[in-house]
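# prediction below, plus the sequence it came from.
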Amino acid sequence: MSQTTAAGPRSKGLLTPHPGAPVRIERRFPGEAAGAFVRHYWLPRWALPAGAEVRQGVLEYPTANLVVEADSVLLHRASRGLSVRALRGEGWAFGVMLRPGTARSWTGVSLRGLPPAIPLPALVPGTREAVQAAVPAVRDRMAAGDDGGALDAFEDAIAGLAAPGSDAALVDAIVAAVEEDRDLLRVEQLADRFGLGVRSLQRLVAGHIGFGPKWLIQRYRLQEAAAVLRADDPPPIGMLAADLGYADQAHFTREFKAVVGATPGAYAAQVAAERAGAP
């Protein structure tokens, strides 16, 4: 059974939160068996007035997400840069953030060459049928407002799947190390930590995530930067750049703008303006 865990509508990857907007995102964690595949579930619901739109920018975690909606089922692999979703009208989504080592075992191939959105028929036999079996119940229960029932239906359907193998477990450990250890700033450091050659590390991470370890390190640094810049009283940009291990403020600013689409200062100002205008 899944764990009902309260979570606010903001996550570390959500770049453009809208305080007061009629969008709710609940986060729940998997039960013990499903935890071999699932990092957590994210369950957004929205109800917007006619003609209104909320645009949410996400600097995604370095993993794939299975997303069930009323009219689609897709496996979304990680995006290189900022992912933007426009919400209109009323709706919901059943999001399954997979563990970083899961997606390759569910597709059967390296994620590096796959499209951003992978349809259900492209999953390997066994996984494909398990997910397909869950979809009708997930849709019915999400439509009825029964989040817990949707999670239980999904976890029951995937209960018989074989857990990902040793390479997947290693990728999970590598991603966790980058997330938790702020001193891991270079690919060579990461390779040494796990006793791998740089090329072996690059092949392993790219095959399971779609991008290499340099991207992985950058992704977590920029997620942390965005989270800090959303604070009520963010630090000076130069101080933040140094704290995150950048050689100088200019390097940090270029990298942040290339991915997020705005300089750190402009992004912080945008968040402050949205907060000031919230009801």
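It's in.

# can you map out the helices along the stretch 51-200 of the chain?
For the stretch 51-200 of the chain, the helices defined by DSSP state H, counting those that start in this stretch cover 102-107, 127-143, 147-157, 166-180, 187-193, 198-209.

# pLDDT below threshold where in this structure?
1-22, 277-279 (pLDDT under 70).

# most centrally placed residue in it?
Y61 (3.4 Å; CA atoms, centre = their mean).

# S79 is in contact with that residue, correct?
No. If you go by CB atoms under 8 Å, Y61 and S79 don't touch, sitting 10.7 Å apart. From N, CA and C alone the C-beta is placed, and that goes for glycine too.

# and A50, which helix or strand is it part of?
Assessed by DSSP states H and E, A50 sits outside every helix and strand.

# 790 is where my numbering starts, stick with that
New numbering, starting at 790: the last item is A839.

# and it, what does it touch?
Contact analysis of A839 by CB atoms under 8 Å, 6 or more residues apart in numbering lists G878.

# ok, V827 touching M886?
Yes. Counting by CB under 8 Å, V827 does reach M886; the two are 7.0 Å apart.

# from R1008, how far out is the residue nearest to the centre of the chain?
Counting by CB to CB, to the nearest Å, the gap from Y850 to R1008 is 8 Å.

# overlap in contacts, those two.
By the contact definition CB under 8 Å, 6+ apart, Y850 and R1008 are jointly contacted by A867.

# how about the strands in the chain?
Taking DSSP state E as the test, the strands found in the chain are 812-817, 827-836, 843-847, 854-858, 861-865, 872-876, 879-881, 883-887, 906-908.

# packed most tightly, which of these would that be?
Comparing the strands of the chain by mean neighbour count (mean count of other CB atoms under 10 Å), strand 883-887 comes out on top with a mean of 23.

# what residues does that strand touch?
Counting by CB under 8 Å, 6+ apart, 826-833, 850, 852-858, 895, 927-928, 931, 939, 943 sit against strand 883-887.

# how many residues are close by G890?
26 (other CB atoms under 10 Å).

# who's the closest spatial neighbour of it, skipping the chain neighbours?
A957 (2.7 Å; CB to CB, 6 or more residues apart in numbering).

# and the one you found, how far from G949?
To G949, A957 is 18 Å away according to CB to CB.

# swap in L993?
27 Å.

# quick one, which of those two is more surrounded?
Between L993 and G949, L993 has the larger neighbour count (other CB under 10 Å), namely 21 against 9.
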